[in-house]
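Engineer: turn this into a structure:
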Amino acid sequence: MKREFAKRLTRAYVEAALRPGSVVELPAAAAAHLAKVLRARSGDALVLFGGDGLEFAATVASVRGSRVTAAVGEGREVDRESPLAVTLVQCIPRGDRMDFIVQKATELGVVRIIPVLSQRSVVRLDEPQAASKTAHWRSVAVNACEQCGRNRLPAIDAPRQLMRYLGSSPTTGPRLLLEPEFEARGAAHAVDAKVEIAIGPEGGFAAEELEAFRISGFAAHRLGPRILRTETAAIAALAWLQSSFGDLKALPIKA
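Structural biologist: Numbering: from 1, shown residues only. This is a model prediction of the structure:
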C-alpha cells in the first residue's frame, strides 16, 4: 500500500518536461527534504509540477542517499491563480527581508516581482551579486509554490535601478504607489485584471523619484494612518488588493 507523508501530499517542482510513464530525478533541495526529513521510501506518493499549470500524480521510484527519483503518473490542469494579475515593484530591503517578501508575495498570488534599487536603498549590488540574488529569490518562490499549491511560478526580474525601470516600463494597467505621506482624496483607483504596485525602501522615496512615479502614471495610495515597514507594507498591500479585487475572500462565520 502506498504511504502518504501527511494529509496533504508533498509537492515538488521539477524544471524538466514531465510526461506520464517517465522517471525523473528530483532537484537536490526537494530530494534532500524527502530523503532526510520525510524519510521517503519507494512507492510513497507525491505531486510534481513544472510551472506550466499542470500537476502530476507521482510515486517515489528510488532513494539513494540524498538522491531521489520519481515515477510520473497522470497529469491534470489545476488552476490556483488569482484573476487579478499583480506586479510587485519592490525596493530591496536589507538583510533577509526580501526573502520574506518573495515568499509571502508568491503565496498571495503575484505574477511578477521586480526588485529595484532606489536612492535611499541601503542595499547595493554589483552584477554577480544581482545574478546570485535573483537565482536565490527564484528558489524561494519555488519553495513557496510547493507549499501553497500554485502550479505556475511568478516571474522574478533581475534587480535594476528604480529610475531606469520607470523610464522604460510600459503601462499595462493601473499603477499604484504606496506612499505613507499621501492624503487620500476622492474614490479609490479602479482595478480590473492587472495592477502594478510599488513599495519603497526603509527610508522612503526621494522627491525626484516620487515625481518620476507621477510622470510614469502611478497614483499614490496609503494603507491606514500608520507608517509600515517595507516588508509589512508589501504584504498588507497585496492582501488588500487580493481581498478587494482578487480571490482572497473570507468565508462567512457561522454563529
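
Engineer: the longest helix seen in the chain: how far from the chain's middle?
Structural biologist: Longest helix in the chain, counting residues (DSSP state H): helix 127-148. Centre-to-centre, helix 127-148 and its host chain are 9 Å apart (CA atoms, centre = their mean, to the nearest Å).

Engineer: which residues are in contact with that helix?
Structural biologist: 11-13, 29-30, 49, 51, 80, 92, 98-99, 102-104, 106-107, 113, 115, 125, 150-154, 156-159 (CB atoms under 8 Å, 6 or more residues apart in numbering). No exception for glycine: its C-beta is placed from N, CA and C like everyone else's.

Engineer: go again using 6 Å as the cut-off
Structural biologist: 11, 13, 99, 102-103, 106-107, 153-154, 156, 158-159 (CB atoms under 6 Å, 6 or more residues apart in numbering).

Engineer: narrow those residues to those in helices?
Structural biologist: Counting by DSSP H, those contribute 99, 102-103, 106-107 to helices.

Engineer: returning to that earlier point: show me which residues of the longest helix of the chain are buried.
Structural biologist: 130, 133-134, 137-146 (16 or more other CB atoms under 10 Å).

Engineer: who touches the residue sitting nearest the centre point of the chain in this structure?
Structural biologist: Central residue of the chain (CA atoms, centre = their mean): Thr106, 2.4 Å from the mean position. By CB under 6 Å, 6+ apart, the residues touching Thr106 are 141, 144, 154.

Engineer: same deal with Arg64?
Structural biologist: With contact set as CB under 6 Å, 6+ apart, Arg64 has no partners.

Engineer: kindly report the same for Val47.
Structural biologist: So Val47 contacts 9, 11, 55 (CB under 6 Å, 6+ apart).

Engineer: if you set the cut-off to 7 Å instead, what comes out?
Structural biologist: Applying CB atoms under 7 Å, 6 or more residues apart in numbering to Val47 gives the contacts 9, 11, 55-58.

Engineer: follow-up on the earlier one: need the contacts of helix 127-148 in JSON lines with pLDDT and distance to Ala198, can you?
Structural biologist: Output for those, formatted as JSON lines (pLDDT from 0 to 100; distance: CB to CB, whole Å):
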{"residue": "Arg11", "pLDDT": "95", "distance to Ala198": "31"}
{"residue": "Tyr13", "pLDDT": "96", "distance to Ala198": "28"}
{"residue": "Asp99", "pLDDT": "97", "distance to Ala198": "20"}
{"residue": "Val102", "pLDDT": "98", "distance to Ala198": "16"}
{"residue": "Gln103", "pLDDT": "98", "distance to Ala198": "19"}
{"residue": "Thr106", "pLDDT": "98", "distance to Ala198": "18"}
{"residue": "Glu107", "pLDDT": "97", "distance to Ala198": "20"}
{"residue": "Leu153", "pLDDT": "97", "distance to Ala198": "22"}
{"residue": "Pro154", "pLDDT": "97", "distance to Ala198": "16"}
{"residue": "Ile156", "pLDDT": "97", "distance to Ala198": "16"}
{"residue": "Ala158", "pLDDT": "95", "distance to Ala198": "17"}
{"residue": "Pro159", "pLDDT": "96", "distance to Ala198": "14"}
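
Engineer: and these, which is closest to Thr69?
Structural biologist: Nearest to Thr69 out of the contacts of helix 127-148 is Tyr13 (CB to CB; 15.4 Å).

Engineer: buried ones among the contacts of helix 127-148?
Structural biologist: 11, 13, 99, 102-103, 106-107, 153-154, 156, 159.

Engineer: show me the chain divided up by domain.
Structural biologist: 11-77, 85-245 (automatic domain parsing).

Engineer: lowest average confidence across these, which one?
Structural biologist: Across the domains of the chain, domain 85-245 has the smallest mean pLDDT, namely a mean of 90.

Engineer: looking at this, Leu46 is in a strand?
Structural biologist: Yes: Leu46 forms part of a strand when assessed by DSSP: H, G, I helix; E, B strand; the rest coil.

Engineer: in contact with the closest residue in space to it that isn't next to it in sequence, which residues?
Structural biologist: If the residues on either side of it in the chain are set aside, Leu46 comes closest to Thr10, at 4.6 Å by CB to CB, 6 or more residues apart in numbering. Contacts for Thr10 (CB under 7 Å, 6+ apart) come out as 34, 38, 46.
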